[in-house]
Structure formats: structure tokens, C-alpha cells
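S.K.: sharing a model that was predicted from the sequence below.
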There are 2 protein chains.
Amino acid sequence: MNSSHFSISLHILTLLDKVNGQLLNSEYIAGSINCNPVLVRKELANLHKHGFVQSKEGKGGGSTLAKRPADINLGEVYKAVKQKGLLGESKNEPNPDCPVGKQITQQLNKLYSDAENALIKDLSLKTLKDFSLGFD
Amino acid sequence: MNSSHFSISLHILTLLDKVNGQLLNSEYIAGSINCNPVLVRKELANLHKHGFVQSKEGKGGGSTLAKRPADINLGEVYKAVKQKGLLGESKNEPNPDCPVGKQITQQLNKLYSDAENALIKDLSLKTLKDFSLGFD
DNA sequence: TTGTTCTGTAATAATAAAAGTTACAGTATG
DNA sequence: CATACTGTAACTTTTATTATTACAGAACAA
């Protein structure tokens, strides 16, 4: 993941929470986010794959939450949405002839994975319901 | 910050630790990282600004640590290196006419800042010395 | 059963961000 | 004064992200 995926997913989930089971279509959602509907549909496809939303195709179709907001944990959402590591994960290949270069990638990955777990643990303390209640 | 800044900075700091006070020039460092020397110099400029390294200009010049490795905390390095928020911080402007769009940026920033603090707290448990000792 | 309005997905184009490159003034050294 | 660095800026190339277009297939409603 990077920047926007998590933001967009949370925006979508919040909207779906707020309308209480009503189906929202991708164009409406995109209007709230101010982005392209296809981007929303891709994000919805991922949320669907991970069981957070349900979609209905065809006329009058749209998406709705597949779980109760109190059962949607933000740490889980993060993990579902994440595509690459938060830190690092570059295609850079350090010099294998240098003792530091040879091991740095592995060492950094370990460090990053610990740090990211701390972040996920923090996110896991909150549910969509909590997040959504923060809005007026 | 994003992806590489932290990785490059840590790579630099680790190299400087390993050579024990010896001056390393940007070309040598770039050779270990396998990137452009100018990129290294930019990263060094930032590390210098935050007091982690010292540089010497001119012939025979280069950089060295400005503190003992045990006094360089990875959480501090992270904060020094970070340029943008870890999550979010996009230029996207949600629809202000939508109740969710109107407040989402603020709500997300709050969430992200909490999560990032958890990550920093985790990184702060480690020093450059600890990190460096992880190498053979 | 046909027109309409959606989803889902792929292919492509436009835009933005990151990294690399070149260039050069200024500084230390011998 | 020649050499080898740093520090920085300007510019180019590459890569990643976002937007756009397009269309098959699903659901619905007349």
C-alpha cells in the first residue's frame, strides 16, 4: 500500500457505514472522494475479496458493508489494503561485495516488519464504528 | 518520507558506524548502496542538519558520525528523515459538500498520526548500535 | 425481450513523483 | 595551483499513480 489506498478504503467504508445498509454506487462514492469511479471499483473489489463489503451488480446495484461496523477492525483493513511494505521495499539492490550492502536489505526488512506490526497493533485498537463516530 | 529515504539514511549511518570514525566520501557510500552519489549527498545534508553526521569538504573529505552509535535512536532518525506523513498526505480534496468528505481528511490525519506515533515508539526502542550489531 | 444502469476488469493515456545525471562554485589539501 | 572532495541547482529519465475509455456481463423494469 501507499498513500491513498488506505485512505480511499476507509472513506468508502465510512460512507457505507453512514448510509446504514443502503447500496451506494461507485459514481456516488467517487463524487465524495473526488476521484475516478474506476479507482473506487478497484478498491471495492479488494474490500470485497477480503470480506468487508458486498456488491450487487446491474441496475440499481452498488455496495454495502458485509459486516457490522463494530466488527471491522482498522488493523485488518490495513492488512487487507496494504500492497507493499510501508517502509523500504524498493527495487534497489545494494552492493553484494560490501559487508553492509550484502545484509542491509534483510536487516531493514526485519526492522520494518517490527515497526509495521506496532502500527498495525495500534490500528487494531479501533473499529470502523469508532472511526465513524468521530464524524459529527 | 517515503520508501527509500529512511533506508538510505540507515545504510549510510551503518556504514559510518562500521568504519569507526573514518571519513567516507559520497562516491564510496553510493557504491555500497548502489545509487547516485548526489542522492547520497542530499541524504547526508539532511542527516547533517539533524546532527547525526559531520562532513568535511575538500580533498580527502567525507562524512563521519557526529554522535556515538548508542546515542543515535532510530525513532529520532525516522523523524529527521521523514518528509511526509507515512500514510495519507495526498493532494486529493474530498467533496466539501459531503458530510463524510468534509471531515475525512481531518479524521484520517488523526488516525494516521496516532498510528505513526506507535511506529516511532517501536523504532525508538533501538539505537544505531543495536541495528549495526545485527550484521555479522 | 429490450433498453437502462450498474459492476468488474482490461488497456491505455496523462500526470506526478522519484531517481539519476550533469554541471559547477566553494573548500581543503599537498 | 592542481586535485579531490562537498553542497546545490537544474535538468532528464524512469517509474508509479491516477484518470480515462471501453466493453462484456448482471440485474431490473417497462
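M.R.: On my side now, so go ahead. Residues are numbered from 1 along each chain as shown, chains lettered A, B, ... in the order given.

S.K.: do you have the strands of chain A handy? List them.
M.R.: A:53-56, A:62-65 (DSSP state E).

S.K.: looking at the ones you listed, which is nearest to DNA strand C?
M.R.: Closest to DNA strand C of these is strand A:53-56 (CB to the nearest atom of the strand; 3.5 Å). C-betas here are computed from N, CA, C, even on glycine.

S.K.: residues in chain A within reach of DNA strand C, list them.
M.R.: Within chain A, the positions near DNA strand C by CB under 7 Å from any atom of the strand are A:25-27, A:37-38, A:41-42, A:44-45, A:48, A:55-63, A:90, A:92.

S.K.: and the helices in chain A?
M.R.: Listed in chain order, the helices of chain A (DSSP state H) span A:4-18, A:26-33, A:37-49, A:74-81, A:99-123, A:128-133.

S.K.: now tell me what touches the fourth one from outside.
M.R.: Meaning helix A:74-81. Outside of helix A:74-81, the residues within contact range by CB atoms under 8 Å, 6 or more residues apart in numbering or on different chains are A:1, A:5-6, A:9-10, A:13, A:46-47, A:49-50, A:52, A:119-128, A:131, B:111.

S.K.: just the buried members of these?
M.R.: By neighbour count, with 16 or more other CB atoms under 10 Å in any protein chain shown, these hold A:1, A:5-6, A:9-10, A:13, A:46-47, A:52, A:119-120, A:122-123, A:126-128, A:131, B:111 as buried.

S.K.: residues contacting residue A:46?
M.R.: Counted by CB under 8 Å, 6+ apart, residue A:46 has contacts A:9, A:80-81.

S.K.: give me phi/psi at the residue lying farthest from the centre of chain A?
M.R.: Largest separation from the mean C-alpha position in chain A: residue A:97, at 38.3 Å (CA atoms, centre = their mean). Taking degrees, to the nearest 10, you get phi -90, psi -10 for the backbone angles of residue A:97.

S.K.: just the pLDDT for it.
M.R.: Confidence at residue A:97, expressed as pLDDT, is 94.

S.K.: what do you get for residue A:103?
M.R.: The model's pLDDT for residue A:103 equals 96.
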